[in-house]
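**Q** Using only what follows, build the 3D model:
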Amino acid sequence: MTYMSEKEINLKLVIVLGRMIKAMDKRLVPGITGHGITMSQFAVMEALLHKGALTVNEIIETTLSSSGNMGVVIANLEKRGLVEKQISHADRRSRKVSLTTKGHDLISTVYPEHETNIMNNFGGLELSEKQQLIELIKKFGKSMEDHT
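**A** Below is the predicted model:
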């Protein structure tokens, strides 16, 4: 590899990371959208599958989403009969969102396929490389937070 300045390396990192995310999306998104749900809908349903009923705020926190369109995402899932809202027993002012039987059946099909796609896409890395990559990305993310 030829010598690059730190500035050139930083710019190259942005490009490489962007291309990696684009490539990952290209390989993972069709496996989800092919089942007639959006990535946001998948994220909500996956959270409900693994965590059980959640409030809208808990869903936003769990899925690392913004509150901007979460109401629309949940409303669309509700219209399709994939989720339902119920008044929370702990706080009657709040509603819990949960999967319906139809929603559970769908995400129980989609999620294992998605997991397999993820396994296949990371097959080019050794386990130790994956662990190292996780640590580097976490370190990078923390340094970005520290500079804001």
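**Q** contacts, neighbours, all on C-alpha from now
**A** OK.
**Q** Give the other helices and strands that the longest helix anywhere in the chain contacts.
**A** Counting by DSSP state H, the longest helix found in the chain is helix 6-33. With contacts taken as 3 or more Cα pairs under 8 Å, 6 or more residues apart in numbering; DSSP states H and E, helix 6-33 sits against helix 39-51, helix 101-121.
**Q** at 7 Å what do you get?
**A** Using 3 or more Cα pairs under 7 Å, 6 or more residues apart in numbering; DSSP states H and E, the elements in contact with helix 6-33 are helix 101-121.
**Q** Quick check: next helix or strand after the helix it packs on?
**A** Proceeding N to C from helix 101-121, the next assigned helix or strand is helix 127-146, under DSSP states H and E.
**Q** Not counting its neighbours along the chain, what's nearest E78?
**A** E84 (5.7 Å; Cα to Cα, 6 or more residues apart in numbering).
**Q** quick one: contacts for the one you found?
**A** By Cα atoms under 7 Å, 6 or more residues apart in numbering, E84 lies in contact with 78, 97-100.
**Q** Check the secondary structure at it for me.
**A** strand (DSSP: H, G, I helix; E, B strand; the rest coil).
**Q** how near is the residue positioned nearest the centre of the chain to V16?
**A** Most central in the chain under Cα atoms, centre = their mean is A43, positioned 5.2 Å from the mean C-alpha point. As judged by Cα to Cα, to the nearest Å, A43 and V16 stand 25 Å apart.
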